[in-house]
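Enquirer: Everything below, folded, please.
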Amino acid sequence: MKAYLAILRIGDYRLLWSALVLNLLGDGATYAALAWITVEEAGAAGLGILGVCLTLPVIAGGAVVGPLLDRFSRRKLFIYDSVFRGLVVALIPLLAFADSLHVWHLYVVALVYGFLKIIPLAGTPAVLPELVPADKLQAASGLEATAMGAANVLGPAIGAGLITLFGAPNVLLLDAATYLLFAFLISRIKAPMGRPEPAETTGDAPQRPGWAPVFRLIVRDRFLLVLTLSFGAFNVSAGALVVALPWLAKFEFSSGPGVLGLMLAVMAAGELIGSLVSGAVQTSEKQMLRIGVFQLLSGAVLFFLIPTALPWILLGLALNGILSAPMTVLGGVVRMTRVPNEMRGRAMTLMRTVMAGALPAGSALGGFLLTDSHYHGLIIAVAALAAAPGILTVVLFRRTPFRLGVTAADDQQTKSDTVPSGS
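Expert: A predicted model of the protein is given here:
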């Protein structure tokens, strides 16, 4: 806990972390509300569409937002995005009050949410090295993941309670308010969080914003490439769960939103535990090996979801959360270290877009299979796909150390310096 107390003494980081908790708290409640309205109005097929609308636009949004994070003030982008999305989310309860709400309105809101989601998703790790010293990045990454876990524990519970008491559309008022609070807290941060200054570089290093140099950086760096592809495969399972959990609550257990909230909260509680533990651990040279082991185990425990009995499902979700959260924390340190600041906005966007782009594949697969009630086949497929890349990561990085402060460009420069001239 000393590592967390030390990082929270940094005022700017404390403001960013508080803003994230509020924003994610609203998001957790909003997902429960959107999913419940959709499953009541359109069934499993509608859930599949909603899942795609929430996740597929992240790809298109990443193509637009990535260069913006390296070209303009990151502070302003955070604020403008939060205010705009808060207003969009508030349209749902307004339409409900006017008795004009239709399912397609939910899809439109989900599309806007997905398109702009990459701004905080990629922007947060892009600004973290500006707010905290390098030796505290793992604690900062751990607390970022903890914020997600804590908010997701409370968010679905609050959402389920508000759905029961006031109806699902009203839950979206919470998210609209948290967006505005997020913008206010970001405005109070003293660090500039402005446009990154171009680094003094030589050779073929990038001199201006663009996707080609960032793509080359990731493809040529084994750390970044393996993280991106293996996490993308793992996220197929997450996309399938976006559809599977509301389907289980509605059609398998024949219960209300409380069971959906319970399943989401149990998984988020597991993520909270995993984040707290992994963030407090020192960064290691075996960082990538650890990530591979956690991915292998977190994919394997999804097989506990095969029996359609609530205790087994809750056990599988809890273990999956505990084991998958360290992947995010440890991987975040690797990404923030390996990417230089002047490319960090684009690189984080590209990597997270590829990883998040796997979510709609899982959602589409889940909606397709669950329409014909092929639940067991879905779970077997996504568990195997989630676990397999962990084995590959373990094999590739058994003897490859990770070092803080060494970027991918540093490694590539070292390799080129060791090549004898004329060879």
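Enquirer: low pLDDT regions in the stretch 1-150 of the chain?
Expert: Applying pLDDT under 70 to the stretch 1-150 of the chain flags the ranges 1, 149.
Enquirer: residues contacting the residue nearest in space to the middle of the chain?
Expert: Among the residues of the chain, Leu121 comes closest to the average C-alpha position under C-alpha atoms, centre = their mean, at 6.4 Å. By C-beta atoms under 8 Å, 6 or more residues apart in numbering, the residues touching Leu121 are Val58, Arg352, Ala356. (C-beta placed from N, C-alpha, C; glycine too.)
Enquirer: Apart from its chain neighbours, what residue comes closest to the first one?
Expert: Right, Val58. Ala356 (4.3 Å; C-beta to C-beta, 6 or more residues apart in numbering).
Enquirer: any idea which helix or strand comes after the longest helix anywhere in the chain?
Expert: Under DSSP state H, the helix in the chain containing the largest number of residues is helix 11-55. Counting by DSSP states H and E, the element after helix 11-55 in chain order, helix or strand, is helix 57-71.
Enquirer: Can you tell me what sits against that next one?
Expert: Around helix 57-71, the neighbours that count as contacts under C-beta under 8 Å, 6+ apart are 77, 111-112, 114-119, 121-123, 126, 195-196, 209-211, 214, 342-346, 348-350, 352-353, 356-357, 359.
Enquirer: Return that helix as CSV; C-alpha atoms alone will do.
Expert: Output for helix 57-71, consisting of C-alpha atoms alone and laid out as CSV, is shown next (Å, rounded to 0.1, in the frame of the first residue of the first chain):
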residue,chain,number,x,y,z
PRO,A,57,-16.4,2.3,-33.8
VAL,A,58,-13.3,2.2,-31.6
ILE,A,59,-11.3,1.2,-34.7
ALA,A,60,-12.6,4.2,-36.8
GLY,A,61,-12.2,6.5,-33.8
GLY,A,62,-8.6,5.4,-33.3
ALA,A,63,-7.7,6.3,-36.9
VAL,A,64,-8.9,9.9,-36.3
VAL,A,65,-7.9,10.4,-32.7
GLY,A,66,-4.4,9.0,-32.6
PRO,A,67,-2.7,11.8,-34.6
LEU,A,68,-4.7,14.4,-32.6
LEU,A,69,-3.2,13.2,-29.3
ASP,A,70,0.3,13.9,-30.6
ARG,A,71,-0.7,17.1,-32.5
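Enquirer: Mind listing what's buried along that helix?
Expert: Of the residues in helix 57-71, those scored as buried under the neighbour-count criterion (16 or more other C-beta atoms under 10 Å) are Pro57, Val58, Ile59, Gly61, Gly62, Val65, Gly66, Pro67, Leu68, Leu69, Asp70.
Enquirer: now stretch 215-229
Expert: Neighbour-count burial for stretch 215-229 flags Leu217, Ile218, Asp221, Phe223, Leu224, Val226, Leu227, Thr228, Leu229 (criterion: 16+ other C-beta under 10 Å).
Enquirer: hang on, isn't the second one packed against Arg346?
Expert: No: judged on C-beta atoms under 8 Å, Ile218 makes no contact with Arg346 at a distance of 10.0 Å.
Enquirer: Can you show me the helices along the stretch 101-250 of the chain?
Expert: With DSSP state H, counting those that start in this stretch as the definition, the stretch 101-250 of the chain shows helices at residue ranges 103-116, 118-131, 137-166, 168-187, 211-220, 222-247.
Enquirer: wait, which of the ones you listed is closest to Leu50?
Expert: Minimum separation from Leu50 across the helices of the stretch 101-250 of the chain (C-beta to C-beta) falls at helix 103-116, 5.8 Å.
Enquirer: what's the angle from the closest one to helix 57-71?
Expert: An angle of 30 degrees separates the directions of helix 103-116 and helix 57-71 when computed by axes from the mean of the first three to the mean of the last three C-alpha atoms, to 10 degrees.
Enquirer: what helices or strands is helix 103-116 leaning on?
Expert: helix 11-55, helix 57-71, helix 74-97 (3 or more C-beta pairs under 8 Å, 6 or more residues apart in numbering; DSSP states H and E).
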